[in-house]
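Novice: 3D model of this:
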Amino acid sequence: MKKILITGANKSIGFETARQLLKEGYFVYIGSRSLENGIAAVERLKAEGLENAEAVQLDVTDAQSVKEARNQIGSKTDSLDALINNAGINGGWPQSALQAGIDQFQDVFETNLYGVVRVTQAFIDLLKKSSQPCIVNVSSSGCSLTLHSDPSWKYYTHKAAVYPASKAALNMYTIDLAYELRETNFKVNAVCPGFVATDFNNYRGTGTVQQAGTRIAKYAMLDAGGPTGKFISEEYNPETGETPW
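Specialist: Residues are numbered from 1 along each chain as shown. The predicted structure is shown next:
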């Protein structure tokens, strides 16, 4: 049975992604900053007949928490087939380029970038033991430098200084990570779940968590012929998903 870790999987898109991967036959480690919330999420999944899930306390901003999560999972399996770096925060509003404080930037980067680096580096040894490992960094088409520079893009006026900057930085990390692993079987991609109606955006999104879960799960299950080092938004590009950086 293939095994996967999803950070921030106790609710919303992360939870739905876990549900879909469980239905595909994966064993899913439900990473949750609050163990209590993680356990509640697992109980909800088991109530649906999805038994192969386990809660793991994992705060991506806390190096000790990440280390303990690695030890916990490593004590139960010799390998990990996929990692979905889903945990993220929006940083609150407004996000003016001239008025957002350094502390606001630091908080968002701590989760959305540094947290991904911590978790990826901590679990890379288990991932390397898989025959076809996948890493999915959950990103956003709203951090595309190309799109945000294009006045004809439908979200051109939706500017925010903090959150998109953190995801643009995450995209650069994804490119570097894919390059570093280019001579291995790894598939490493940045994937946008779409503009989804969740508490993350006060339910202003137009997509569903089911659509988002499908998009993310797809890139966690890539085979040897799948893409790597790509920025994917199937909402932006329904045909190939490939999105300009």
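Novice: Could you use CA atoms for every contact and neighbour count after this?
Specialist: Will do.
Novice: Can you show me the strands along the protein?
Specialist: With DSSP state E applied, the chain shows strands at 3-6, 27-32, 53-57, 82-85, 134-138, 187-192, 231-233, listed in chain order.
Novice: Output these as JSON lines; include the columns mean pLDDT and distance to G38.
Specialist: Listed next are the strands of the chain as JSON lines, based on pLDDT from 0 to 100; distance: least, Cα to Cα, whole Å:
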{"stretch": "strand 3-6", "mean pLDDT": "98", "distance to G38": "11"}
{"stretch": "strand 27-32", "mean pLDDT": "98", "distance to G38": "5"}
{"stretch": "strand 53-57", "mean pLDDT": "98", "distance to G38": "5"}
{"stretch": "strand 82-85", "mean pLDDT": "98", "distance to G38": "16"}
{"stretch": "strand 134-138", "mean pLDDT": "98", "distance to G38": "19"}
{"stretch": "strand 187-192", "mean pLDDT": "98", "distance to G38": "23"}
{"stretch": "strand 231-233", "mean pLDDT": "97", "distance to G38": "28"}
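Novice: which parts of the lengthiest helix in the chain are buried?
Specialist: Ordering each helix of the chain by length in residues (DSSP state H) puts helix 163-180 first. If you call a residue buried by 16 or more other Cα atoms under 10 Å, then helix 163-180 has these buried ones: 163-171, 173-175, 177-178.
Novice: okay, and for this protein, where does confidence drop off?
Specialist: Counting by pLDDT under 70, the chain shows low-confidence ranges at 197-207.
Novice: Is S131 in contact with N185, as I believe?
Specialist: Yes - using Cα atoms under 8 Å as the test, S131 is close enough to N185 to be in contact (7.0 Å).
Novice: Centre-most residue in the chain?
Specialist: A centroid search over the chain (Cα atoms, centre = their mean) returns N86, at 2.6 Å, as the residue closest to the centre.
Novice: Show me how far stretch 46-62 is from its chain's centre.
Specialist: 15 Å (Cα atoms, centre = their mean, to the nearest Å).
Novice: actually stretch 57-74, not the one I typed
Specialist: Averaged C-alpha coordinates place stretch 57-74 at 16 Å from its chain's average position (Cα atoms, centre = their mean).
Novice: What lies in contact with that stretch?
Specialist: 7, 31-35, 38, 56, 87, 110-111, 114-116, 118-119, 122-123, 126 (Cα atoms under 8 Å, 6 or more residues apart in numbering).
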